[in-house]
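Trainee: Here is the input, now give the coordinates:
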Amino acid sequence: MNSKQLKPFIPLILSLLLALVLVFIVEDFVQTVIVAPLLYAIWFVSLIVRSLPQGVLWAGFIFVMLIVSFANLPKGKTPGSSTWHPPARKSGQVERWTQLLENTQRTRFSKWRLAQELKRLARNLQSPLDGEGWRSVDRVDLELPSEITAFFEARQPSHYPFWKRLISASEETETALDLDPEVVIQFLEERLKL
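Mentor: The predicted model follows:
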């Protein structure tokens, strides 16, 4: 070994030599201050444990295991805590449509979402094609009234502040989205009877 390879080990070698010297110098100190009291404590605890009835030892052991088990159980979140979230569940079709209809009373965007859902429903009922085929089907062949076509094709309302919407909103989009969804549903029901 040359000196470059030995250099990282020099502090380790010096520490071991120092520890060896200290063991011989303070042998009596370690024996009287650390080892003897430690052995005495171990002997005293073993004496107490041997003097106890075995039933008490088993009861203590089970008690300690129960405490450890309960401490390691996952913490359940209660409804009162701020981090509790109700379990997620999927809503059914009726619930989803009801929610869409209720939301139309509040925002124009909800009306547009309802229009898109009704458009998808009309596509599925009137066209045997998949969703991709809707673009290739001529809307004249589907015989949609102009008010329903305008309802389906209404632009998505903007999310700008109210004063910007007043400037940029088109009256055509607003009136098209104000169509009663009942009209579209009745039209689709009549188409199903054919």
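Trainee: Give me the pLDDT value at P181.
Mentor: Note for P181: predicted pLDDT of 81.
Trainee: correct me, but it touches L118?
Mentor: Yes. Counting by C-beta atoms under 8 Å, P181 touches L118, with 6.5 Å between them. Yep, even glycine has a C-beta here, placed from its N, CA and C like the rest.
Trainee: Neighbour count: those two, which is higher?
Mentor: Using other C-beta atoms under 10 Å, the more surrounded residue of P181 and L118 is L118, with 21 against 17.
Trainee: Assign the more buried one to helix, strand or coil.
Mentor: Secondary structure, DSSP: H, G, I helix; E, B strand; the rest coil: L118 is helix.
Trainee: OK, contacts around it?
Mentor: Going by C-beta atoms under 8 Å, 6 or more residues apart in numbering, L118 touches F151, F152, P181, V184, I185, L188.
Trainee: Tabulate those residues (TSV), appending secondary structure and distance to R123.
Mentor: Putting the contacts of L118 into TSV (DSSP: H, G, I helix; E, B strand; the rest coil; distance: C-beta to C-beta, whole Å) gives the following:
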residue	secondary structure	distance to R123
F151	helix	14
F152	helix	9
P181	helix	16
V184	helix	12
I185	helix	15
L188	helix	11
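Trainee: For those, which entry has the maximal number of neighbours?
Mentor: That'd be F151 among the contacts of L118, by other C-beta under 10 Å, with 25 neighbours.
Trainee: Next one: that residue from T98, what distance?
Mentor: From F151 over to T98 the distance is 20 Å, taken as C-beta to C-beta, to the nearest Å.
Trainee: D180 now?
Mentor: Going from D180 to T98 by C-beta to C-beta gives 16 Å.
Trainee: Domain map for this protein?
Mentor: 3-72, 93-193 (automatic domain parsing).
Trainee: measure the longest one end to end?
Mentor: Using C-alpha to C-alpha, to the nearest Å, the gap from the first to the last residue of domain 93-193 comes to 22 Å.
Trainee: can you give me the mean pLDDT across stretch 70-79?
Mentor: Here the average pLDDT along stretch 70-79 is 75.
Trainee: The protein: helices as residue ranges?
Mentor: All helices of the chain, identified by DSSP state H, fall at 3-6, 10-25, 27-30, 36-51, 54-72, 93-103, 108-126, 139-142, 146-153, 162-168, 171-177, 181-193.
Trainee: The fifth one packs against which elements?
Mentor: With contacts defined as 3 or more C-beta pairs under 8 Å, 6 or more residues apart in numbering; DSSP states H and E, helix 54-72 has no packing partner among the helices and strands.
Trainee: Could you check the angle it makes with helix 36-51?
Mentor: Angle, helix 54-72 to helix 36-51, by axes from the mean of the first three to the mean of the last three C-alpha atoms, to 10 degrees: 110 degrees.
Trainee: CA atoms only: put helix 54-72 into PDB for me.
Mentor: Output of helix 54-72 as PDB, limited to C-alpha atoms (Å, rounded to 0.1, in the frame of the first residue of the first chain):
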ATOM      1  CA  GLN A  54     -46.600 -16.600  35.900                       C
ATOM      2  CA  GLY A  55     -50.300 -15.500  35.400                       C
ATOM      3  CA  VAL A  56     -49.300 -12.000  36.300                       C
ATOM      4  CA  LEU A  57     -46.500 -12.000  33.800                       C
ATOM      5  CA  TRP A  58     -48.800 -13.300  31.000                       C
ATOM      6  CA  ALA A  59     -51.500 -10.700  31.900                       C
ATOM      7  CA  GLY A  60     -48.800  -7.900  31.800                       C
ATOM      8  CA  PHE A  61     -47.500  -9.200  28.500                       C
ATOM      9  CA  ILE A  62     -51.000  -9.300  27.000                       C
ATOM     10  CA  PHE A  63     -51.700  -5.800  28.300                       C
ATOM     11  CA  VAL A  64     -48.500  -4.400  26.800                       C
ATOM     12  CA  MET A  65     -49.400  -6.100  23.400                       C
ATOM     13  CA  LEU A  66     -52.900  -4.600  23.400                       C
ATOM     14  CA  ILE A  67     -51.500  -1.100  24.000                       C
ATOM     15  CA  VAL A  68     -48.900  -1.600  21.200                       C
ATOM     16  CA  SER A  69     -51.600  -2.900  18.900                       C
ATOM     17  CA  PHE A  70     -54.000   0.000  19.500                       C
ATOM     18  CA  ALA A  71     -51.200   2.500  19.200                       C
ATOM     19  CA  ASN A  72     -50.400   1.100  15.700                       C
END
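Trainee: Thanks again, I'm all set now.
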